[in-house]
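>>> just the structure for this:
(one chain, ligands or ions: 2)
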Amino acid sequence: MTLTSKFGFSKLVLGFMGAALLLSGCGAEVELTSEPVEPVTNTVVDDHSGWWCNAHGIPEDQCSMCSAKAAKEFKADGDWCEEHNRAESQCFKCDASRADKFANLYEAKYGKQPPAITP
Ligand SMILES: [Zn+2]
Ligand SMILES: [Zn+2]
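Ligands and ions are numbered 1, 2, ... in the order given. The predicted structure is shown next:
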């Protein structure tokens, strides 16, 4: 291979690539897409002060299912339901009447029955 033929070859390749670039440049049309409208989601799941845990029917700071701190304390006291992974005294699955104690707390604060538990 001589120097001149090598130069000629690369020139050819460059020319080809340039043409391809031009072609693809023409082919790709710039399309103006309208801005995606963001959906307004204002669904209020919990309108309480965060005091009450709607999901478990227990004040949040005492809820062994939401508060790791509370859970630790219940476990330390030996008050724990292994089967349902919550404080035994808060396990409404084992004894539904336990919910009444917490419902009374809610009623004392808001003057009405707590919302149905929504797990
Ligand atoms: Zn909870
Ligand atoms: Zn249980």
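>>> could you say which helix or strand contains the closest residue in space to residue 83 that isn't next to it in sequence?
In space, and not counting its chain neighbours, residue 83 is closest to residue 94: 7.5 Å by C-beta to C-beta, 6 or more residues apart in numbering. Just so you know, the C-beta spots here come from the backbone N, C-alpha and C atoms, and that holds for glycine as well. Per DSSP states H and E, residue 94 falls between elements, in no helix or strand.
>>> pLDDT score assigned to residue 94?
Residue 94 carries a pLDDT value of 98.
>>> near it, how many other residues are there?
Close neighbours of residue 94, defined as other C-beta atoms under 10 Å, add up to 13.
>>> ditto for residue 77
Using other C-beta under 10 Å, residue 77 has 11 other residues around it.
>>> cool, residue 85 as well?
By the criterion of other C-beta under 10 Å, residue 85 has 11 neighbours.
>>> ok, the closest residue to residue 99 other than its chain neighbours - contacts?
Excluding the flanking residues, the one nearest residue 99 by C-beta to C-beta, 6+ apart is residue 92, at 4.7 Å. Contact partners of residue 92, counting by C-beta atoms under 8 Å, 6 or more residues apart in numbering, are 57, 98-99, 117.
>>> right, and the helix or strand after the helix-or-strand element of the chain with minimal mean pLDDT?
When each helix and strand of the chain is scored by mean pLDDT, DSSP states H and E, helix 3-27 comes last, with a mean of 59. Counting by DSSP H and E, the next helix or strand C-terminal to helix 3-27 is strand 52-53.
>>> which other helices and strands does that next one contact?
Packed against strand 52-53 by the contact rule (3 or more C-beta pairs under 8 Å, 6 or more residues apart in numbering; DSSP states H and E) you find strand 58-59.
>>> tell me the strands beside the strand it packs on, with direction?
strand 52-53 (antiparallel) (DSSP bridges).
>>> got the residues of the chain near ligand 1?
Within the chain, the positions near ligand 1 by C-beta under 5 Å from the ion are 53, 56, 63, 65-66.
>>> how about the residues of this structure near ligand 2?
Residues of the chain lying near ligand 2 (C-beta under 5 Å from the ion): 81, 83-84, 91, 93-94.
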